[in-house]
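A.B. asks: this one's structure only:
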């Protein structure tokens, strides 16, 4: 399973469309990667920081679960992302 988490931040640009970056940061993605490692799942779950997944919204960040092709919008915390990853991994039979 491969998890892509958007950290695109437009707040410092002239583009005023919503972006994931104010809510989901690169440091949060690092924390998720460390959590995956601590769970012993580095061979089952890959996590990649993405610049833009194309589904920007004002409610929060966006992630994609692959190969399921599932996009989750409105993410606001590391714990929420961990719960989604764990649920998806269980459904895929990885844990």
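C.D. replies: Now that the structure is in, tell me what you want to look at. Please read these numbers as outputs of a predicted model, since none were measured by experiment.
A.B. asks: can you give me the helices in this structure?
C.D. replies: Using DSSP state H, the helices of the chain run over 26-38, 78-91.
A.B. asks: so where do the strands sit in the protein?
C.D. replies: Assigned by DSSP state E, the chain shows strands spanning 2-6, 46-50, 61-66, 70-75.
A.B. asks: what comes into contact with the first one?
C.D. replies: The reference is to strand 2-6. For strand 2-6, contacts defined as Cβ atoms under 8 Å, 6 or more residues apart in numbering pick out 20-21, 24, 28-29, 32, 45-53, 61-67, 75, 81, 85, 88. Bear in mind the C-beta positions are built from the backbone N, C-alpha and C, glycine included.
A.B. asks: separate out the buried members of the residues you listed.
C.D. replies: 20-21, 24, 28-29, 32, 45, 47, 49-50, 53, 61-65, 75, 81, 85, 88 (16 or more other Cβ atoms under 10 Å).
A.B. asks: my guess is residue 8 contacts residue 22. True?
C.D. replies: No. Contact criterion Cβ atoms under 8 Å: residue 8 and residue 22 do not qualify, at 9.9 Å.
A.B. asks: who's more crowded, these two?
C.D. replies: Neighbour count, other Cβ atoms under 10 Å: between residue 8 and residue 22, residue 8 has more, with 19 against 15.
A.B. asks: for that one, give its distance to residue 83.
C.D. replies: Plainly put, residue 8 is 22 Å away from residue 83 if you go by Cβ to Cβ, to the nearest Å.
A.B. asks: avg pLDDT for stretch 1-20?
C.D. replies: Per-region confidence: stretch 1-20 scores 88 on mean pLDDT.
A.B. asks: can I get the strands of the chain in a markdown table with distance to residue 94?
C.D. replies: Rendered in a markdown table, the data for the strands of the chain read as follows (distance: least, Cβ to Cβ, whole Å):
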| stretch | distance to residue 94 |
| --- | --- |
| strand 2-6 | 11 |
| strand 46-50 | 11 |
| strand 61-66 | 11 |
| strand 70-75 | 15 |
